[in-house]
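Chemist: next come a sequence and a model predicted from it.
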Amino acid sequence: MKIRGTFLDEISHDIPHQNWGRKEWDQDFAYMKQAGINSVILIRSGYRKWLTYPSVILMGREGAYQPPVDLVKMFLELSEKYGMDFYFGLYDSGRYWVNGDFRKELDLNKLLVEEVWQAYGQMPAFKGWYISQECSRNTGTIIDMYAGLGEHCKAVSGQLTTLISPYIDGVKNISQYTSETARTSGVSLKKHEKDWGEIFAGIHNAIDIVAFQDGHIEFDELDDFLQVNKQLADKYGIRSWTNSETFDRDMPIKFLPIKWEKLLLKLLAAKRAGMEQAITFEFSHFMSPQSAYLQAGHLYNRYQEYLKELE
Amino acid sequence: MKIRGTFLDEISHDIPHQNWGRKEWDQDFAYMKQAGINSVILIRSGYRKWLTYPSVILMGREGAYQPPVDLVKMFLELSEKYGMDFYFGLYDSGRYWVNGDFRKELDLNKLLVEEVWQAYGQMPAFKGWYISQECSRNTGTIIDMYAGLGEHCKAVSGQLTTLISPYIDGVKNISQYTSETARTSGVSLKKHEKDWGEIFAGIHNAIDIVAFQDGHIEFDELDDFLQVNKQLADKYGIRSWTNSETFDRDMPIKFLPIKWEKLLLKLLAAKRAGMEQAITFEFSHFMSPQSAYLQAGHLYNRYQEYLKELE
Amino acid sequence: MKIRGTFLDEISHDIPHQNWGRKEWDQDFAYMKQAGINSVILIRSGYRKWLTYPSVILMGREGAYQPPVDLVKMFLELSEKYGMDFYFGLYDSGRYWVNGDFRKELDLNKLLVEEVWQAYGQMPAFKGWYISQECSRNTGTIIDMYAGLGEHCKAVSGQLTTLISPYIDGVKNISQYTSETARTSGVSLKKHEKDWGEIFAGIHNAIDIVAFQDGHIEFDELDDFLQVNKQLADKYGIRSWTNSETFDRDMPIKFLPIKWEKLLLKLLAAKRAGMEQAITFEFSHFMSPQSAYLQAGHLYNRYQEYLKELE
């Protein structure tokens, strides 16, 4: 099981920014390439008022701030330079869909998708879309929102690949603004299966790949949940990746790089479940040799040793 | 809008110490100089029982610990070497004024001011005083304390410059010992204006410069609050700097360097409000190329690029 | 007062892992040696399902995960290479004794001690045992557990040295999963003395050395508590070390390296109390020149300067 993709955590809303310029990002794409990564996924193009590119739609309608750099353009250029596939992450308002207005989130993003495709669609690395609204349960009209977003992305772009990365509502699904790291109970396997059966039934024509986050459950629950995820996705013809998180959810400091042993354990569980490949949230803070968190560089070395053992 | 001054966070009470010796501090002053900084402000000369210099007053009266190094002497020497103005931060008991005994805080600091001026007043870099008790509202006899402290500093030192750096009681005014980063409501602009009108009326003969902290409010509230601050200070003949914080108040980890985009946005708001210049809390943890937080060095590079664009 | 030993924080349950391989650990032992350290103490050989060596007992009975590396073997080899004494830390279930079942914790560890001695007992650096269950009060049958563990370790290994490192139930005894750093009251000196009089009376034949942690009380309580600890241990013929913690318990970020001034103050208090020597929790995160926390390297330099002053 290899990590073939990583999120790009711009805009971050909970991981402190590294303040990299183009030179550092170029170097980071080189490090990714050396680790076998061939896809980068922009986690979101905007969050509340913060933007990755100067979106006329969002500056006009949401009062978003003019960004000092066009990160979308830069990431597309670097993706092309390093032969990577770039997935564009949609706008997360942080409020409309969170407060139940899934329709508004959908409509706003439809305009965004058109704007983005107009501006960047001709760039060769633009290979797919990431629906950035992270969910876990079948609540409200989340199915309509996901299906609507996926369909619109595909319609506008000539059927480019669409990706979602939901989480499991497990014992470690805890606000990052709480100092605790776990709660007494999470979703049951049965309820999780029921919810995602319903969701997949509603979105399977609009979404090509699902990459569940693997960090919200206990390590000894991994096999059960990953296998259910894989079987459900198979049933609906959706491809399965695993989003193997490279930060540690068990520590008082939120968030620093994960212990290699834990990552390895998760990758092996994904292999047993038959996942196609792994992606990770995310390389640049938690696995990169130039990360501000020096534990990340050592994780990179441990992962490279693992790749050699696989050969 | 340029950053021309920085606090020196000794004694820190919430930012982990870097354990620098004289060599590292000398290097840091060199980095500051290269970024256009010409003033350093000791955040406080003592906090509870921890001291920056061996104060007979505080070791005797407060049971303070004998410090292993005389940081005040070292900072004054380095300031002279690098052509910087040094502002001496008063003692913060962490208890008298906090518990309503403003008089005791004042009286203790009067003795301290005399002791300090006796010991270091002849050193050429000693150019001003920083009243270290941070406040936000017109509570108790805070006006008498501020006025008394400022007047005494001036009287003892031949009218050297006095500086305060209050905060705005905004939505991000949250204990650093809470894991949350925001609360639902902060002070209204109107109430803030009323309080500071009263405070300025009472202290304007004793305080020369006010540098409000810019991190406790939402980014889209900056223009309103900064303009009120500037107009009020102008009315009372107080000079206005902005204390543009270089750490990020929006993150679960408290506190790491701020994203450059956020700092830029705050500096531009300060420019629009007509602030004379910026200072920051603080260079050595959050902007220095040798900071233990590697994000800081990248912030330094982004800031240097910004300075070049201004030329 | 010199630091002559350090814990090895594997398995950590609250300090993020550095992801070091053998090369980095070898270098770290070299750094330790240069700082005068001659003993390393494995904090625990396993915690819940995480192991430092492939224990058949724990994989079989506790469903523990197969570890990717045998850290016990590696640490013993490095200890031999650098002439250090290695203390083996017992298994901490994180549940049996925590929930009152001291007997189960004891019985499981008895098997473990036999397994470990069989596997590694002939390696020359194996010089002692560390009873890893940290306690503070005389609760349940903690005395029976400690005595039983110590006696069994000694019986199996030909009377090798046994060590415990309890904590003081002071104002800073706060969950690491809480964002606060202190509470309003801790154990009284009198109650602490009473509890430890009882505990020492029950374990003194099984435990050779006690190294109380020094970080849970206020700095101005150190002299009182350290002296009580020393006198009580003397009374029962137990040797006294101090476990001088090198991380800072007063900061919102849990946990980063301590300020040198605080460590110095604690070491001097231990000297006044007549402690035999200091050990620390722990070198590799908080004092090592290659720590991911760069403050640690500066602490190392400050400590080396202090050693030179002692000469």
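Modeler: Okay, I see it. Owing to the predicted nature of the structure, the values given are computational and were not obtained by experimental measurement.
Chemist: quick one: pLDDT of residue A:258?
Modeler: With respect to pLDDT, residue A:258 has a value of 98.
Chemist: that one: what's it in contact with?
Modeler: Residues counted as contacts of residue A:258 (Cβ atoms under 8 Å, 6 or more residues apart in numbering or on different chains) are A:245, A:246, A:247, A:248, A:286, A:299, C:17. (Each C-beta comes from the backbone N, C-alpha and C, glycine too.)
Chemist: hmm, 7 Å instead?
Modeler: Residue A:258 makes contact with A:245, A:246, A:247, A:248, A:286, according to Cβ atoms under 7 Å, 6 or more residues apart in numbering or on different chains.
Chemist: how many neighbours does the first one have?
Modeler: The local packing of residue A:245 (other Cβ atoms under 10 Å in any protein chain shown) involves 22 other residues.
Chemist: can you list the residues of chain A near chain C?
Modeler: Chain A has residues A:179-181, A:220, A:248, A:251-253, A:256-257, A:259-261, A:264-265, A:293-295, A:298-299, A:301-302 near chain C, with proximity defined as Cβ under 7 Å from any Cβ of the partner chain.
Chemist: go with 6 Å
Modeler: Counting by Cβ under 6 Å from any Cβ of the partner chain, the positions of chain A adjacent to chain C are A:179-181, A:248, A:251-252, A:256, A:259-261, A:264, A:294-295, A:298-299, A:302.
Chemist: which among the residues you listed count as buried?
Modeler: If you count burial by 16 or more other Cβ atoms under 10 Å in any protein chain shown, the buried members of the residues of chain A next to chain C come out as A:179, A:181, A:248, A:251-252, A:256, A:259-261, A:264, A:294-295, A:298-299, A:302.
Chemist: hmm, back to that, among the contacts of residue A:258, which are located in helices?
Modeler: When the contacts of residue A:258 are checked against helices (DSSP state H), the matches are residue A:286.
Chemist: make JSON lines out of the contacts of residue A:258 and add pLDDT.
Modeler: Compiled in JSON lines, these are given as follows (pLDDT from 0 to 100):
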{"residue": "A:245", "pLDDT": "98"}
{"residue": "A:246", "pLDDT": "98"}
{"residue": "A:247", "pLDDT": "97"}
{"residue": "A:248", "pLDDT": "96"}
{"residue": "A:286", "pLDDT": "98"}
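Chemist: residue A:195: which of the contacts of residue A:258 is nearest?
Modeler: residue A:245 (20.8 Å; Cβ to Cβ).
Chemist: list the contacts for that closest one?
Modeler: If a contact means Cβ atoms under 6 Å, 6 or more residues apart in numbering or on different chains, then residue A:245 has A:215, A:281 as its contacts.
Chemist: now do it against chain B, distance only.
Modeler: Going from residue A:245 to chain B by Cβ to the nearest Cβ, to the nearest Å gives 15 Å.
Chemist: ok, so what distance separates residue A:141 from residue A:100?
Modeler: As judged by Cβ to Cβ, to the nearest Å, residue A:141 and residue A:100 stand 9 Å apart.
Chemist: more neighbours: which of the two?
Modeler: Looking at residue A:141 and residue A:100 with other Cβ under 10 Å, you find the greater number of neighbours at residue A:141, namely 17 against 12.
Chemist: can you pull the pLDDT of the nearest residue to that one once chain neighbours are set aside?
Modeler: In space, and not counting its chain neighbours, residue A:141 is closest to residue A:102: 4.5 Å by Cβ to Cβ, 6 or more residues apart in numbering or on different chains. As predicted, residue A:102 sits at a pLDDT of 96.
Chemist: what's the answer for the one 5 residues further on, then?
Modeler: At residue A:107 the predicted local confidence, pLDDT, stands at 98.
Chemist: re earlier: residues in contact with the residue nearest to residue A:141?
Modeler: With contacts defined as Cβ under 6 Å, 6+ apart, the neighbours of residue A:102 are A:140, A:141, A:145.
Chemist: take the residues you listed and lay them out in TSV including pLDDT and secondary structure.
Modeler: Below are the contacts of residue A:102 laid out as TSV (pLDDT from 0 to 100; DSSP: H, G, I helix; E, B strand; the rest coil):
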residue	pLDDT	secondary structure
A:140	90	coil
A:141	93	coil
A:145	97	helix
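Chemist: quick one on the thing from earlier: which one of the residues of chain A next to chain C is nearest to chain B?
Modeler: Comparing those against chain B with Cβ to the nearest Cβ picks out residue A:179 as the nearest, at 4.1 Å.
Chemist: test my guess that that closest one contacts residue B:177.
Modeler: No. Taking Cβ atoms under 6 Å as the definition, residue A:179 is not a contact partner of residue B:177, at 9.6 Å.
Chemist: what's residue A:284 sitting at in phi/psi?
Modeler: Here the main-chain torsion angles of residue A:284 (degrees, to the nearest 10) amount to phi -70, psi -30.
Chemist: distance between the ends of stretch A:115-126?
Modeler: With Cα to Cα, to the nearest Å as the measure, the first residue of stretch A:115-126 is 14 Å from its last.
Chemist: ok, now stretch A:36-43?
Modeler: Using Cα to Cα, the span of stretch A:36-43 from its first residue to its last is 20 Å.
Chemist: repeat for stretch A:169-177
Modeler: Across its full length, stretch A:169-177 reaches 17 Å between end residues, using Cα to Cα.
Chemist: for the helix or strand containing residue A:154, buried residues please.
Modeler: According to DSSP states H and E, residue A:154 maps onto helix A:142-157. Along helix A:142-157, these residues count as buried under the neighbour rule (16+ other Cβ under 10 Å): A:142-143, A:145-154, A:156-157.
Chemist: next SSE after it?
Modeler: Scanning the chain past helix A:142-157 towards its C-terminal end, the next helix or strand to appear is strand A:161-164 (assignment: DSSP H and E).
Chemist: what segments of chain A are helices?
Modeler: Secondary structure of chain A by DSSP H: the helices cover A:22-34, A:56-61, A:71-81, A:102-120, A:142-157, A:189-203, A:222-235, A:260-273, A:283-286, A:294-310.
Chemist: let me know which of these is tucked in deepest.
Modeler: helix A:283-286 (a mean of 25; mean count of other Cβ atoms under 10 Å in any protein chain shown).
Chemist: next one: that helix to chain centre, how far?
Modeler: Between the centre of helix A:283-286 and the centre of its host chain there is 13 Å, according to Cα atoms, centre = their mean, to the nearest Å.
Chemist: show residues contacting that helix.
Modeler: For helix A:283-286, the external contacting residues (Cβ under 6 Å, 6+ apart) are A:6, A:15, A:28, A:32, A:246, A:247, A:257, A:291, A:296.
Chemist: how does it look with 10 Å?
Modeler: A:3, A:5-10, A:12, A:15-18, A:20, A:24-25, A:28-29, A:31-32, A:35, A:37, A:40, A:245-248, A:255-258, A:263, A:280, A:290-293, A:295-296, A:299-300 (Cβ atoms under 10 Å, 6 or more residues apart in numbering or on different chains).
Chemist: check stretch A:25-34 too.
Modeler: Stretch A:25-34 is contacted from outside by A:3, A:5-6, A:8, A:10, A:18, A:20, A:37-40, A:69, A:71, A:74-75, A:77-79, A:81-84, A:283-284, A:287-291, A:297, A:300, A:304, A:307, using Cβ under 10 Å, 6+ apart.
Chemist: show me what contacts residue A:140?
Modeler: Residues A:97, A:99, A:100, A:101, A:102, A:103 are the ones in contact with residue A:140 under the rule Cβ under 10 Å, 6+ apart.
Chemist: near chain B at all, stretch A:180-193?
Modeler: Yes. Counting by Cβ under 10 Å from any Cβ of the partner chain, chain B is contacted by stretch A:180-193 at residue A:180.
Chemist: so what touches that stretch?
Modeler: Surrounding stretch A:180-193, the residues in contact under the criterion Cβ under 10 Å, 6+ apart are A:136-138, A:168-174, A:194-195, A:212, A:216-218, A:221, A:224-225, A:227-229, A:231-232, A:248-252, A:254, B:179, C:14, C:175-179.
Chemist: good, we can wrap up now.
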